[in-house]
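**Q** any chance you can model this:
(one chain, ligands or ions: 1)
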Amino acid sequence: MTRNRRPYATVLETIGWTPMIRLNKVTRGIRTPVFAKAEFFNPGGSIKDRIGGPIIERAEREGHLKPGGTVVEGTSGNTGVGLAIAAALKGYKCIFTMPDKMSQEKVRLLKAFGAEVIVTPTAVPPDHPDNYVMMAKRIAHETPNAILANQFYNDANPQAHYESTGPEIWEQTEGKVTHFIYAAGTGGTITGVGRYLKEKNPKIQIIAGDPVGSILAEMWRSKGESKPEGVPYKIEGIGQDKVPGTLDMGLIDDFMTVSDKEAFAMARRLTREEGLFVGGSSGLITHVALHVARRADDPNALVVAALPDTGERYLSKLYNDEWMRENQLLDSDRTTLELVLENKSRHDGDTPEIVSVAPGATVRQALRLMSQHDVSQLPVMDGSNCVGSVSDWSLSAKSLEDTKVLDAIVGQVMDGPFPVVDVGQPVDSVAKLLSKSNPAVLVRGNGSVQGIVTRSDMLNYLMAR
Ligand SMILES: Cc1ncc(COP(=O)(O)O)c(C=O)c1O
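**A** Numbering: from 1, shown residues only. Have a look, this model is predicted:
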């Protein structure tokens with residue numbers, strides 16, 4: 001590649017010619033080659049850098065934007081950055097409106113470029129005055145010498161991809177691309193790239209992913225017949241509750257719906273397994289690309305997925321386990337009991353792994369043992385078998401009722417044995433087993449009992465996690 005061999009006049013010249021990188025790990029077991037066009041290499045970290053300059057230049061050419069003017073847009077963030085970079089170089093002001101579901105990082109980022117950012121509610125219908133697009137329209141109308149970038153209806157948006165993203169993919173694959181996978185926010189990318197590639201070779205399949213909750217896939221399937229209602233989802237930048245003017249559905253050969261959970265899981269895998277630090281829409285697009293590649297099952301096919309933006313924009317969201325858990329987007333914990341035992345031995349120091357009592361011991365001895373080791377229950381062990389259990393509250397209740405019980409033998413008054421579970425059991429399933437009538441479990445590994453996990457051990461572990 002000739003990129004970067006010479007100095008550039010401005011940062012705008014560094015937009016585009018992003019690398020195409022083969023996916024090697026997430027594609028394990030799939031014969032069809034899959035390549036990712038890594039759009040986070042653009043200076044503003046996303047594919048939307050490609051449309052900022054062309055939108056502003058068209059407005060200048062058409063005489064709508066004069067020196068000192070203002071660029072207004074409703075943006076999920078990335079278009080704002082693309083516009084802000086071009087506006088910074090050309091000396092325009094920027095005002096952006098953004099739905100409140102977008103990450104804080106994106107708001108701060110736009111402010112860093114000197115833009116004014118107005119956050120609007122996400123959960124309003126598309127024609128509501130507080131909707132971010134409606135509000136941007138109003139501001140553009142009321143501000144002197146201002147234009148609305150209007151990415152959802154501005155033909156400069158798909159045209160930018162027709163002139164840059166499409167030809168780059170054609171050239172980088174030497175015309176061998178057979179499937180292009182993307183999603184639609186404004187539809188600018190899939191429309192511009194799809195139009196260019198189909199002109200080059202009408203057999204190239206253009207396939208879109210869509211988040212569960214967006215109406216686009218359903219509108220495409222029903223050819224506009226049905227009027228589905230959108231519901232909120234977490235992925236940012238793609239899917240819609242209204243078909244944008246910049247999306248040509250006629251270019252799309254297949255649409256596949258993907259959940260937030262599947263998309264985020266794939267984004268995390270791209271980061272951890274391929275070293276590609278990307279956002280949620282990249283995860284969704286790659287999820288679809290792998291499905292398409294598996295279905296094609298053809299080593300001579302060539303699947304290209306474009307990855308729209310960088311993961312840095314989502315550190316507080318999809319790369320934050322706490323946020324993922326709060327939103328039920330992480331699989332239940334796969335950590336095992338072994339970790340609970342380790343946590344316990346770190347805290348207990350030299351306490352023996354398991355304190356137990358024999359069935360022939362007296363209740364008095366059992367109570368003394370519990371108090372000595374500061375535990376509330378004991379397994380009753382006959383050799384290596386757990387034959388019952390005793391707890392301080394049950395033994396003390398019985399002894400207070402009838403003092404002779406203190407000299408009775410444990411075997412006569414004990415409760416049922418503790419369940420025995422394997423050391424490889426997931427923590428979450430064992431936590432559910434622990435209850436008032438089941439205050440502890442014995443943990444078996446390598447054929448013998450290795451330890452005991454009580455309700456308080458489990459709580460200590462969960463609180464430290
Ligand atoms: C993260 C992200 N992914 C995908 C897209 C969709 O691109 P397009 O608007 O060209 O359909 C956007 C658009 O803003 C985006 O921000």
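**Q** burial measure for the closest residue to the ligand within the stretch 301-450 of the chain, as a count.
**A** At 3.3 Å from the ligand, residue 308 is the closest residue in the stretch 301-450 of the chain, using Cβ to the nearest ligand atom. Backbone N, C-alpha and C define where each C-beta goes, glycine included. Neighbour count for residue 308, taken as other Cβ atoms under 10 Å: 28.
**Q** just checking, it touches residue 235?
**A** No: the pair residue 308 / residue 235 is not scored as a contact, 10.8 Å apart, by Cβ atoms under 8 Å.
**Q** flag every residue of the stretch 201-350 of the chain that's near the ligand.
**A** By Cβ under 6 Å from any ligand atom, the residues of the stretch 201-350 of the chain that approach the ligand are 236-238, 279, 281, 308-309.
**Q** could you rerun that using 5 Å?
**A** 237-238, 281, 308-309 (Cβ under 5 Å from any ligand atom).
**Q** which pair of those residues spans the longest distance?
**A** 238 and 309 (10.6 Å; Cβ to Cβ).
**Q** give the intersection of the neighbour lists for these two.
**A** residue 281 (Cβ atoms under 8 Å, 6 or more residues apart in numbering).
**Q** could you look up the SS state of residue 197?
**A** Classification of residue 197 using DSSP: H, G, I helix; E, B strand; the rest coil returns helix.
**Q** dump the residue contacts of the nearest residue to it once chain neighbours are set aside.
**A** Leaving aside its sequence neighbours, residue 197 sits nearest to residue 204 (Cβ to Cβ, 6 or more residues apart in numbering; 4.6 Å). Shown in contact with residue 204 (Cβ under 8 Å, 6+ apart): 177-180, 197-198.
**Q** please repeat the previous calculation with a cut-off of 10 Å.
**A** 169-170, 175, 177-180, 193-194, 196-198, 253, 302, 304 (Cβ atoms under 10 Å, 6 or more residues apart in numbering).
**Q** kindly report the same for residue 137.
**A** Per Cβ under 10 Å, 6+ apart, neighbours of residue 137: 72-74, 97, 129, 131, 148, 150.
**Q** from residue 186, how far out is it?
**A** 15 Å (Cβ to Cβ, to the nearest Å).
**Q** closest point of the stretch 151-300 of the chain to the ligand, which residue?
**A** residue 237 (2.5 Å).
**Q** I figured that residue hits residue 98, correct?
**A** No: using Cβ atoms under 10 Å, residue 237 is not in contact with residue 98, being 11.3 Å away.
**Q** tell me which of those two has more neighbours.
**A** Relative neighbour count places residue 237 above the other of residue 237 and residue 98, with 27 against 24, counting by other Cβ under 10 Å.
**Q** can you pull out the helices in the stretch 351-465 of the chain?
**A** 363-373, 392-401, 410-413, 427-433, 455-464 (DSSP state H, counting those that start in this stretch).
**Q** including mean neighbour count and mean pLDDT, could the ones you listed go into JSON lines?
**A** Shown next, in JSON lines, are the helices of the stretch 351-465 of the chain (neighbours: other Cβ atoms under 10 Å; pLDDT from 0 to 100):
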{"stretch": "helix 363-373", "mean neighbour count": "16", "mean pLDDT": "94"}
{"stretch": "helix 392-401", "mean neighbour count": "14", "mean pLDDT": "93"}
{"stretch": "helix 410-413", "mean neighbour count": "16", "mean pLDDT": "95"}
{"stretch": "helix 427-433", "mean neighbour count": "15", "mean pLDDT": "86"}
{"stretch": "helix 455-464", "mean neighbour count": "15", "mean pLDDT": "85"}
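**Q** of those, which is nearest residue 226?
**A** helix 427-433 (39.7 Å).
**Q** show the backbone phi and psi for the spatially most central residue of the chain.
**A** The centre of the chain sits closest to residue 264, judged by Cα atoms, centre = their mean, with a distance of 2.5 Å. Phi and psi for residue 264, reported as degrees, to the nearest 10, are phi -70, psi -40.
**Q** show the backbone phi and psi for the nearest residue to residue 253 once chain neighbours are set aside.
**A** Leaving aside its sequence neighbours, residue 253 sits nearest to residue 205 (Cβ to Cβ, 6+ apart; 4.7 Å). Residue 205 adopts backbone torsions of phi -90, psi 130, taken as degrees, to the nearest 10.
**Q** residues contacting residue 205?
**A** 177-181, 194, 197-198, 252-254, 292, 296, 301, 303.
**Q** cool, and residue 159?
**A** 51, 54-55, 58, 188, 191-192, 195, 246.
**Q** now the strands for the stretch 201-350 of the chain?
**A** Taking DSSP state E, counting those that start in this stretch as the criterion, the stretch 201-350 of the chain contains strands spanning 205-211, 254-258, 303-307.
**Q** most packed of those?
**A** The highest mean neighbour count among these, using mean count of other Cβ atoms under 10 Å, belongs to strand 303-307: a mean of 28.
**Q** quick check, residue 103 in contact with residue 235.
**A** No: Residue 103 is not in contact with residue 235 according to Cβ under 10 Å; the separation is 11.6 Å.
**Q** these two: which has the busier surroundings?
**A** Neighbour totals were compared for residue 103 and residue 235, and residue 235 leads with 28 against 21 (other Cβ under 10 Å).
**Q** re earlier: could you dump the helices of the stretch 351-465 of the chain to JSON lines with distance to residue 444?
**A** Shown next, in JSON lines, are the helices of the stretch 351-465 of the chain (distance: least, Cβ to Cβ, whole Å):
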{"stretch": "helix 363-373", "distance to residue 444": "21"}
{"stretch": "helix 392-401", "distance to residue 444": "25"}
{"stretch": "helix 410-413", "distance to residue 444": "22"}
{"stretch": "helix 427-433", "distance to residue 444": "12"}
{"stretch": "helix 455-464", "distance to residue 444": "16"}
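**Q** of all the ones you listed, which one is nearest residue 85?
**A** Proximity to residue 85, assessed across these by Cβ to Cβ, is greatest for helix 455-464 (44.7 Å).
**Q** need the contact partners of that closest one.
**A** 333, 335, 337, 339-344, 346-348, 375-377, 427-428, 430-431, 433-436, 438-441, 451, 453-454.
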